[in-house]
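Visitor: below are the sequence and a predicted model; questions follow.
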Amino acid sequence: MSGHSKWATIKHKKGAADIKRGALFAKLIKQVEVAARNGGGDPEANPTLRTMFQKARDNSVPLDTIERAVKRGTGELEGVNYESITYEGYGPGGVALLIETLSDNRNRTGSEIRSLLSKNGGSMAEPGSVSWQFERKGYVNVARTVDEDDIMMVGLDNGAEDIEDHDELWRVTCAAGDTQSLRAALEAADIAVLESDTAMVPSNTVPVADKTDAGAVLRLIDLLDEHEDVQDVFSNVDLPDDVLAQLGDN
């Protein structure tokens, strides 16, 4: 199985260490609410809700907060009707971007995303011109203290496709539909799971070896990810280790 893969490091999918806890909670709660509205409030009968529920719990969102979000989604409490919209674009150096949003105002969100792109060396792309380069995959993050062989023994029998070395953790990847069953199998084997989710993984990457260009790409991704309607930003950028080191020194 493979060693370190840059896509998960560079895609800038936010976690508790990346943005303020309140902003992270708001994104996760919105995801739970939309999942409940689209598929019902029973996690056992609604796989998307089950995934969003677990994702919120993994990031320490209080249980009562999650339950209120579910009730807003099912109509038991008053809520906002959010629409799921994915924008496609390009960043500096021709890097492809997929920007997943939940919005209560399509026109406002689209205008603001377009503005962020155009003001920071990027551009909006036509629907379908970027998305074909990505495939949705599932992943389960496992504590680094667990032996790789132990993960492999369980994972190979439960849909795991790869184990990636991410320095502070192991990332076990699988088909998106196998994420929850793989997580359950690992936990049943007393393997310490940190988080599970799905992500859009690029089929090919675009190398950006210039430090200035690399910094511009990451700044744009950060600005997009900080937008209140943006849930995830995925990219096919590939930054060499020496460029990452230079950026980390700044």
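Guide: Now that the structure is in, tell me what you want to look at.
Visitor: run through the strands of this structure in chain order.
Guide: With DSSP state E as the criterion, the chain has strands at 83-90, 96-103, 123-124, 134-143, 160-165, 169-175, 193-202, 206-207, 230-235, 237-238.
Visitor: paired strands for the first one, with orientation please.
Guide: Pointing back at strand 83-90 there. With DSSP bridges as the test, strand 83-90 is paired with strand 96-103 (antiparallel), strand 123-124 (antiparallel).
Visitor: now do the shortest one: distance to the chain's middle.
Guide: Centroid displacement of strand 123-124 relative to its chain, using Cα atoms, centre = their mean, to the nearest Å, is 21 Å.
Visitor: out of the strands of the chain, which is closest to Pro62?
Guide: For the strands of the chain, proximity to Pro62 was assessed by Cβ to Cβ; strand 193-202 is nearest, at 17.3 Å. (C-beta placed from N, C-alpha, C; glycine too.)
Visitor: okay, angle between the closest one and strand 96-103 too, please.
Guide: Angle of strand 193-202 versus strand 96-103, following axes from the mean of the first three to the mean of the last three Cα atoms, to 10 degrees, is 120 degrees.
Visitor: run through the neighbouring helices and strands of strand 193-202.
Guide: Packing partners of strand 193-202 (3 or more Cβ pairs under 8 Å, 6 or more residues apart in numbering; DSSP states H and E): helix 6-10, helix 47-58, strand 96-103, strand 134-143, helix 179-188, strand 230-235.
Visitor: which one of those lies nearest to Trp170?
Guide: Closest approach to Trp170 among the helices and strands packed on strand 193-202 (Cβ to Cβ): strand 134-143, 4.4 Å.
Visitor: and the closest one, which strands flank it?
Guide: Assessed with DSSP bridges, strand 134-143 is paired to strand 169-175 (antiparallel), strand 193-202 (antiparallel).
Visitor: what does that strand rub up against?
Guide: Strand 134-143 is contacted from outside by 8, 96, 98, 151, 161, 166, 169-179, 182-183, 186, 191-203, 234, 236, using Cβ atoms under 8 Å, 6 or more residues apart in numbering.
Visitor: what pairs with the closest residue to Val95 other than its chain neighbours across the strands?
Guide: Using Cβ to Cβ, 6 or more residues apart in numbering and skipping the chain neighbours, the partner closest in space to Val95 is Val237 (4.5 Å). Val237 has these beta-bridge partners by DSSP bridges: Val206.
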